[in-house]
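Visitor: Quick one, what's the 3D model for this:
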Amino acid sequence: MTKKVFELDGRRVFLYGEEAPRLLLLQPVDEHDAGLLDRQIEAMNSCPGPWALVAFEVSDWNRDLSPWPAPPVFGRTPFAGGAGETLSFLTDRLLPALRERRMATERTQILLGGYSLAGLFALWASTKTDLFSGVAAASPSVWYPGWIDWVKERPVQAPSVYLSLGDREERARNPVMARVGDCIREQYALLKDDHQAVLEWNPGNHFQDSELRTARAFCWLAEQLPHQA
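Guide: This is a model prediction of the structure:
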């Protein structure tokens, strides 16, 4: 699969795939996740296509992907609530650039996904716009303060949603993060009747196989979404 890297507004953008894909997969990544992209792509070889994955780098994970400000949950770094700016970059700068490169047309189905806080960003972004045909939320940070109240009032608009969690994640010592199991069950309950949705449990904690879990999330969506003529 062709791999290209270019820069847009000071961000590195990693593009895997050919022109005019059926599915355009968008994923925010930090430097660590960017280093795992090649392994993620290898794990996605059997996904129905044609598809292209475009990963765009964020410089500050807690700032760029958090939907609103919140105090630190671990360490001393608070969440700054910069997700709105990231979504604006995606819609106003990245997608036009991809259309110029013939990576997206009016017929392209756009999926948004990611791991951890990037998975929460994907869910949140889909409460703000109906642009996305599917959301791939692998081990998403649905423990985020205020999230469940938010999504109860502002439903996810993407028709297809993949959720997953490691089966040891709700055993975290941090009391806020330990709520993740209850929160993802509630998130799934909000989706299952009106969406094409699934909740899968993976063995292990939050820090295991993030690239493989993300690959599985995107592949599930690719299998569910109908092929276009």
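Visitor: Show me the longest helix that occurs in this structure.
Guide: helix 210-224 (DSSP state H).
Visitor: per-residue confidence averaged over that one?
Guide: Averaged across helix 210-224, the pLDDT comes to 97.
Visitor: mind listing what's buried in that helix?
Guide: 210-222, 224 (16 or more other Cβ atoms under 10 Å). All C-beta spots, glycine's among them, are computed from the backbone N, C-alpha and C.
Visitor: could I get those as CSV with distance to Pro21?
Guide: CSV is the format used below for the buried residues of helix 210-224 (distance: Cβ to Cβ, whole Å):
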residue, distance to Pro21
Ser210, 24
Glu211, 20
Leu212, 22
Arg213, 22
Thr214, 18
Ala215, 16
Arg216, 19
Ala217, 17
Phe218, 12
Cys219, 14
Trp220, 17
Leu221, 13
Ala222, 10
Gln224, 16
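Visitor: Can I get the longest helix of the chain in CSV, CA atoms only?
Guide: The C-alpha coordinates for helix 210-224 follow below in CSV (Å, rounded to 0.1, in the frame of the first residue of the first chain):
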residue,chain,number,x,y,z
SER,A,210,-3.5,-0.1,20.7
GLU,A,211,-2.7,-0.4,17.0
LEU,A,212,-4.3,-3.8,16.7
ARG,A,213,-7.4,-2.7,18.5
THR,A,214,-7.7,0.4,16.3
ALA,A,215,-7.3,-1.7,13.2
ARG,A,216,-10.1,-4.0,14.4
ALA,A,217,-12.3,-1.0,15.0
PHE,A,218,-11.9,0.4,11.4
CYS,A,219,-12.2,-3.1,9.9
TRP,A,220,-15.5,-3.7,11.6
LEU,A,221,-16.9,-0.5,10.2
ALA,A,222,-15.6,-1.3,6.7
GLU,A,223,-17.4,-4.7,6.9
GLN,A,224,-20.7,-3.1,8.0
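Visitor: what does that helix rub up against?
Guide: Residues from elsewhere that reach helix 210-224 (Cβ atoms under 8 Å, 6 or more residues apart in numbering): 23, 25, 27, 33, 36-37, 39-41, 43-44, 46-49, 51, 53, 111, 113-116, 119, 133-139, 160, 162, 164, 166, 196, 198, 200, 202.
Visitor: could you flag which of those are buried?
Guide: Here, 16+ other Cβ under 10 Å leaves 23, 25, 27, 33, 36-37, 40-41, 43-44, 47, 49, 51, 53, 111, 113-116, 119, 133-139, 160, 162, 164, 166, 196, 198, 202 buried among the contacts of helix 210-224.
Visitor: Inside helices: which ones of the residues you listed?
Guide: 33, 37, 40-41, 43, 119.
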